[in-house]
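Colleague: Build the 3D model from these lines:
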Amino acid sequence: MKEEITYHNKLAKMTGKNEVELTDAEGNKEKVTAKFIVIAVGGRPTYPDIPGAKEHSISSDDIFWMKKKPGKTLIIGASYIALECAGYLHGLGIDVTVMVRSIFLRGFDQQLANKIGEYMEKQGMKFIKGATPTKITVNSQGVKNVEYKQGAEEAEDQFDLVMFATGRHADTKNLGLEEVGVKTAKNGKVIAGDDDKTSVDNIFSIGDCCEGRLELTPTAILAGKLLSKRLFGKGTRLMSYKYVATTVFTPLEYGACGWSQEDA
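Modeller: Numbers count the residues shown, from 1 in each chain. As a prediction, this is how the structure comes out:
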């Protein structure tokens, strides 16, 4: 068995169906060749196209890097990431407000999603419902002023920290996939078959960056294991994405498997 090699802090770009070019922070380049290539780059947070969003806010990726306790916090979004972050920040004694554009936990059973929202509200978390941000500015003390629309009304409020949890996008933009013939969807996700094979025979894709797959870590891990067994062992089993159990770690925890009432 060949020695496992890990490349840290390098940008990758595909330059051939069996070749990847790696570039470090100083611009030094190195080429790596392989019989098989697996694309598993995951996703990155999406920011809305409004003034000050990227400059004066953070994402859920950033919050664990904070070295001090945030003050009054606004979380924009109502996904499981947004509500989970709101829950544990509130548990740490932080003043938390969640800005909800439409519904809680899109794609989940709405009867249970609303129960979670109601419970969080009773626990002391605040919600601005039916609202979208339009502009974020910051004053000399570092306080963020968030302007938003709520229906036909315009309003604003001040926060010490603003965090966006409004979705993620596949981190495939600079990989050079088109140049080597790997097909992607309009959203940038890689198109792959049930066997994880892309439009190029020796290139595969698994995880969040793959079109039509559940964005869950355990499913990506198992898909990778099964792919390895098929490529290097005698495995034949394909990953099944039907009836995968999932849990939302909000203050009122929620587990689900199968269809929601709406889907049924």
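Colleague: Which parts of the protein are helices?
Modeller: Along the chain, the stretches classed as helices by DSSP state H are 80-91, 110-122, 177-180, 217-232.
Colleague: Check the average confidence over the last one, would you?
Modeller: To tie it back to what came earlier, the one meant is helix 217-232. For helix 217-232, the mean pLDDT works out to 96.
Colleague: Now the phi/psi pair for the closest residue to residue 34 other than its chain neighbours, please.
Modeller: Sequence neighbours aside, residue 18 is the residue nearest to residue 34 in space, at 6.2 Å (criterion: CB to CB, 6 or more residues apart in numbering). Yep, even glycine has a C-beta here, placed from its N, CA and C like the rest. For residue 18, the backbone dihedrals (degrees, to the nearest 10) come out as phi -120, psi 20.
Colleague: Residue 32 is in contact with residue 18, correct?
Modeller: No - counting by CB atoms under 8 Å, residue 18 stays clear of residue 32, with 9.6 Å between them.
Colleague: Can you check which residues contact both of the two?
Modeller: Among the neighbours of residue 18, none is also in contact with residue 32 (CB atoms under 8 Å, 6 or more residues apart in numbering).
Colleague: Tell me how many other residues crowd residue 11.
Modeller: 12 (other CB atoms under 10 Å).
Colleague: Wait, it touches residue 26, no?
Modeller: No - the pair residue 11 and residue 26 does not pass the contact test of CB under 8 Å, sitting 11.8 Å apart.
Colleague: I'd say residue 13 and residue 175 touch.
Modeller: Yes - Residue 13 is within contact range of residue 175, at 6.1 Å (criterion: CB under 8 Å).
Colleague: With neighbour numbers in mind, choose between those two.
Modeller: Taking neighbours as other CB under 10 Å, residue 13 and residue 175 compare with residue 175 leading, 22 against 16.
Colleague: Please report how far that one lies from residue 39.
Modeller: Distance, residue 175 to residue 39, using CB to CB, to the nearest Å: 7 Å.
Colleague: quick one: contacts for the residue positioned nearest the centre of the chain?
Modeller: Most central in the chain under CA atoms, centre = their mean is residue 168, positioned 4.0 Å from the mean C-alpha point. Applying CB under 8 Å, 6+ apart to residue 168 gives the contacts 43-46, 208, 215.
Colleague: Just the closest of those to residue 223, please.
Modeller: residue 208 (10.9 Å; CB to CB).
Colleague: Next one: the closest one, what pLDDT does it get?
Modeller: Per-residue pLDDT puts residue 208 at 94.
Colleague: what about it, how many residues close to it?
Modeller: So residue 208, with other CB under 10 Å, has 21 neighbours.
Colleague: same question, the one 4 residues further on
Modeller: Residues contacting residue 212 under the criterion other CB under 10 Å number 9.
Colleague: cool, and residue 157?
Modeller: The number of residues packed around residue 157, counting by other CB under 10 Å, is 14.
Colleague: The residue lying closest to it once chain neighbours are set aside: what's it in contact with?
Modeller: In space, and not counting its chain neighbours, residue 157 is closest to residue 146: 5.8 Å by CB to CB, 6+ apart. Residues in contact with residue 146 (CB under 8 Å, 6+ apart) are 74, 133, 135-136, 156-159, 162.
Colleague: Can you lay out the residues you listed as JSON lines showing pLDDT and distance to residue 226?
Modeller: Below are those laid out as JSON lines (pLDDT from 0 to 100; distance: CB to CB, whole Å):
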{"residue": "74", "pLDDT": "98", "distance to residue 226": "41"}
{"residue": "133", "pLDDT": "98", "distance to residue 226": "41"}
{"residue": "135", "pLDDT": "98", "distance to residue 226": "47"}
{"residue": "136", "pLDDT": "98", "distance to residue 226": "44"}
{"residue": "156", "pLDDT": "97", "distance to residue 226": "51"}
{"residue": "157", "pLDDT": "97", "distance to residue 226": "48"}
{"residue": "158", "pLDDT": "98", "distance to residue 226": "50"}
{"residue": "159", "pLDDT": "98", "distance to residue 226": "44"}
{"residue": "162", "pLDDT": "98", "distance to residue 226": "40"}
